[in-house]
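Asks: need coordinates for the below:
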Amino acid sequence: MKPFRNKQARPKKNKLILSTSAVIKALEDGQALDKIFVSNALSSTLIGQLKKAAALAIVPVQVVPTVKLDAFNAGNHDGCVALKSRITYQSLQSVIDWVVDAGRAPLFLMLDGITDVRNIGGIARTAYCTGVDAIIIPDKGVGALQDDAVLTSAGALEKIAVCRVDSLLKAIDTLHLNGVQVYATQMKGITSLGKVNFEIPCCIILGSEEKGIYPALLKGADATVYIPMRGDFDSLNVSVSAGILLYEAMKQRMQHI
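Replies: Numbering: from 1, shown residues only. As a prediction, this is how the structure comes out:
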């Protein structure tokens, strides 16, 4: 049996923006972009201009050899290619304000280092079904929320708010400033799932199955939570863990409805 290879398909031409001027204009117009690829052959001044414009929109920029841009096979790229986003990203503070104004206790989900788009899609599907207000992701180090992720989520990624931030640590600070408790999930956490109060404004952090949650994020969390298991095994699949955690949160929140 041949080993499974998660090969990412080449983006279609209509999902690409070519040339530095066109990409900068797209950023200035507020168009949703997933990522920008810049040739290392461009001048440092032009690369700096692109990075500055992208930083304001929290769009990651990757400097690559020109051959990487040629591989898109999309025509004259002028040293810059941007990938259009399927997702319209939201401001974290704006989502917090909207949820609070609606009279609800915010429930957020933060993804740290989860790169498998199938897991992200499955998590988003469960998050939408359990009433999560927004998924928080970093601008780097997470799987691209493109066609595969949207398809796996059954379209949930286009319905739930997604907040892309330049720093998860800064996002935790924003959550704390707004009275939102942060729970980090960890196999060796201190508090059992059933003893966590999910009725209050809170955010659940999920880490990758390989590396877990970044230590600095664990330090910034208000509590570490573990899922009790009877079997002697390393860990649950992250999408399954998300389902268990979020259905417990939904169950608690529906008690008084």
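Asks: shaky segments in the stretch 101-250 of the chain?
Replies: Low-confidence segments of the stretch 101-250 of the chain, defined by pLDDT under 70: 231, 233-234.
Asks: for it, what spans make up the helices?
Replies: Remark: helices assigned in the stretch 101-250 of the chain by DSSP state H, counting those that start in this stretch are 117-129, 147-152, 168-177, 215-220, 238-254.
Asks: what sits closest to residue 126 if chain neighbours are left out?
Replies: residue 243 (4.8 Å; C-beta to C-beta, 6 or more residues apart in numbering). (Glycine included, C-beta is placed from N, CA and C.)
Asks: separation between that neighbour and residue 146?
Replies: Going from residue 243 to residue 146 by C-beta to C-beta, to the nearest Å gives 23 Å.
Asks: show me the contacts for residue 84.
Replies: 15, 16, 17, 31, 32, 33, 34 (C-beta atoms under 8 Å, 6 or more residues apart in numbering).
Asks: tally of neighbours for the closest residue to residue 129 other than its chain neighbours?
Replies: Residue nearest to residue 129 in three dimensions, not counting chain neighbours: residue 156, with 7.6 Å by C-beta to C-beta, 6+ apart. Residues lying near residue 156 (other C-beta atoms under 10 Å) number 21.
Asks: repeat for residue 97
Replies: Neighbour count of residue 97, defined by other C-beta under 10 Å: 13.
Asks: tell me which helix or strand it sits in.
Replies: Residue 97 is part of helix 92-101, with elements assigned from DSSP states H and E.
Asks: go on, residue 50?
Replies: Counting by DSSP H and E, residue 50 is found in helix 44-56.
Asks: alpha carbons of the helix or strand that comes right after that helix, as PDB, please.
Replies: Going down the chain from helix 44-56, the next helix or strand is strand 61-64, by DSSP H and E. Taking C-alpha atoms only, strand 61-64 is exported to PDB below (Å, rounded to 0.1, in the frame of the first residue of the first chain):
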ATOM      1  CA  VAL A  61       4.500  37.500   3.500                       C
ATOM      2  CA  GLN A  62       7.000  34.800   2.400                       C
ATOM      3  CA  VAL A  63      10.100  35.800   0.500                       C
ATOM      4  CA  VAL A  64      10.900  32.900  -1.900                       C
END
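Asks: how is the protein divided into domains?
Replies: As given by automatic domain parsing, the domain ranges for the chain are 13-84, 92-254.
Asks: distance from the chain centre to the last one, please.
Replies: Here domain 92-254 is found 9 Å from its chain centre; the criterion is C-alpha atoms, centre = their mean, to the nearest Å.
Asks: any idea how far residue 142 is from the spatially closest residue to residue 185 that is not a sequence neighbour?
Replies: Leaving aside its chain neighbours, residue 185 sits nearest to residue 225 (5.3 Å; criterion: C-beta to C-beta, 6+ apart). Applying C-beta to C-beta, the value for residue 225 to residue 142 is 21 Å.
Asks: quickly list what the nearest residue to residue 15 once chain neighbours are set aside is bridged to.
Replies: Leaving aside its sequence neighbours, residue 15 sits nearest to residue 84 (C-beta to C-beta, 6+ apart; 4.8 Å). Beta-bridge partners recorded for residue 84 (DSSP bridges): residue 33.
Asks: pLDDT score for residue 84?
Replies: On the pLDDT scale, residue 84 is placed at 89.
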